[in-house]
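Undergrad: Curious how this folds, go ahead:
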Amino acid sequence: MSKTIRQLWRDEFYRDGMCILCCNTGKVQTTERMPGGYKYGVKAPCICPNGRALKTGIAMQAQARR
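TA: Below you'll find the model as predicted:
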C-alpha cells in the first residue's frame, strides 16, 4: 500500500509538533555554493501543510498574473 504525501509526512517527518524538513517555515532550502562559485541545491516548498499552503499561494499568484 502506498502512502499519500500527508501520511508520509506525518509518519516520517513530523516530530514533537514540528516538521523536521523545514522547521515549520514551509520552505526546504538545500542551496550551497562551491568554492568555484557554482551554486547547487534546491529551494522549494516543503511537503508539510505549511509548504503545501505556500505552494498553493504561489500557484494562485502565477495564475492571477496570466
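Undergrad: Roughly how far does the residue most central in space within the chain sit from residue 59?
TA: In the chain, the C-alpha nearest the mean C-alpha coordinate belongs to residue 46, at 1.4 Å (CA atoms, centre = their mean). The gap separating residue 46 from residue 59 is 15 Å, by CB to CB, to the nearest Å. Yep, even glycine has a C-beta here, placed from its N, CA and C like the rest.
Undergrad: Find the nearest non-adjacent residue to the residue nearest to the centre of the chain, please.
TA: Of all residues not flanking residue 46 in the chain, residue 22 sits nearest, at 4.0 Å (CB to CB, 6 or more residues apart in numbering).
Undergrad: so which helix or strand takes in the one you found?
TA: Residue 22 belongs to no helix or strand when assigned by DSSP states H and E.
Undergrad: now swap in residue 61 and tell me
TA: Residue 61 is located in helix 49-65, with elements delineated by DSSP H and E.
Undergrad: Let me see the mean pLDDT of that helix.
TA: Mean per-residue pLDDT for helix 49-65: 84.
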